[in-house]
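S.K.: what would the 3D arrangement of this be:
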Amino acid sequence: VQLVESGGGLVQPGGSLRLSCTASGFTFSSYVMRWYRQAPGKERELVAGITSGGVITNYADSMKGRFTISRDNAKNTVYLQMTLLKPEDTAVYYCNANLRSQFGTQNYWGQGTQVTVSS
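M.R.: The predicted structure is shown next:
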């Protein structure tokens, strides 16, 4: 099982980035996908989530209107489009895959990608 994030980097305030997370080793289309982030000295927090079919999305309040989560099940990839970035968005961004079934819960994490918003 692997989740590989990419697309992080240094961006100026007000700029945009698109993160990608490509999955392998499991049935991606069956999993709820989420993005989390963790800033230095802070706990990991939920950024956004998307259901397995991509119909329903949810966002943390501070990301609404600025971030968009999407997925392409044919490519086993989930995306996070980030706009109007602020210095407080600086964090390591992690991709998460989660499946709850009658057999239990499977939960996978990527290694993270650094996003730095600074002038």
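
S.K.: I figured residue 14 hits residue 85, correct?
M.R.: Yes: using CB atoms under 8 Å, residue 14 is in contact with residue 85, at 6.7 Å. Bear in mind the C-beta positions are built from the backbone N, C-alpha and C, glycine included.

S.K.: didn't residue 70 look like it was pressed against residue 51?
M.R.: No: at 11.6 Å, residue 70 does not count as touching residue 51 under the criterion of CB under 8 Å.

S.K.: who's more crowded, residue 14 and residue 85?
M.R.: residue 85 (21 against 11; other CB atoms under 10 Å).

S.K.: quick check, that one in a strand?
M.R.: No: using DSSP: H, G, I helix; E, B strand; the rest coil, the assignment for residue 85 is coil, not a strand.

S.K.: the nearest residue to it once chain neighbours are set aside and residue 16, how far apart?
M.R.: Nearest residue to residue 85, sequence neighbours excluded (CB to CB, 6 or more residues apart in numbering): residue 117, at 4.6 Å. From residue 117 over to residue 16 the distance is 11 Å, taken as CB to CB, to the nearest Å.
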